[in-house]
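Undergrad: No letters, just coordinates:
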């Protein structure tokens, strides 16, 4: 089982209604709407996954 990063539900990759690829990783979603939300702002959902990221954390935002 994998986690739908958008809504937090556990999804079975075999039966996931939606999936997308991002930076070489495949992500599975419980619904197409979650996929759309993820693709709109992937970094937002990936920040809290606990995986070591190459890029530094955003301490301050410059607009």
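TA: That came through, no problem. What you see is a predicted model, and the numbers here were worked out from it, not measured in a lab.
Undergrad: switch to C-alpha atoms for all contacts and neighbour counts from now on
TA: Will do.
Undergrad: Next, work out how far apart residue 18 and residue 44 are.
TA: Noted for residue 18: a distance of 19 Å to residue 44, by CA to CA, to the nearest Å.
Undergrad: between the two, who's got more neighbours?
TA: residue 18 (18 against 12; other CA atoms under 10 Å).
Undergrad: give the contact list for the more buried one.
TA: Contacts were defined as CA atoms under 8 Å, 6 or more residues apart in numbering; by that measure residue 18 touches 28, 29, 30, 31, 32, 35.
Undergrad: quick one, phi psi at it?
TA: When quoted as degrees, to the nearest 10, the phi and psi of residue 18 stand at phi -150, psi 150.
Undergrad: try the one 4 residues further on
TA: In terms of degrees, to the nearest 10, the main-chain angles of residue 22 are phi -140, psi 120.
Undergrad: How much space separates it from residue 8?
TA: 18 Å.
Undergrad: Next, the contact list for residue 21, please.
TA: Here residue 21 is in contact with residue 27 (CA under 8 Å, 6+ apart).
Undergrad: how would you label it: helix, strand or coil?
TA: strand (DSSP: H, G, I helix; E, B strand; the rest coil).
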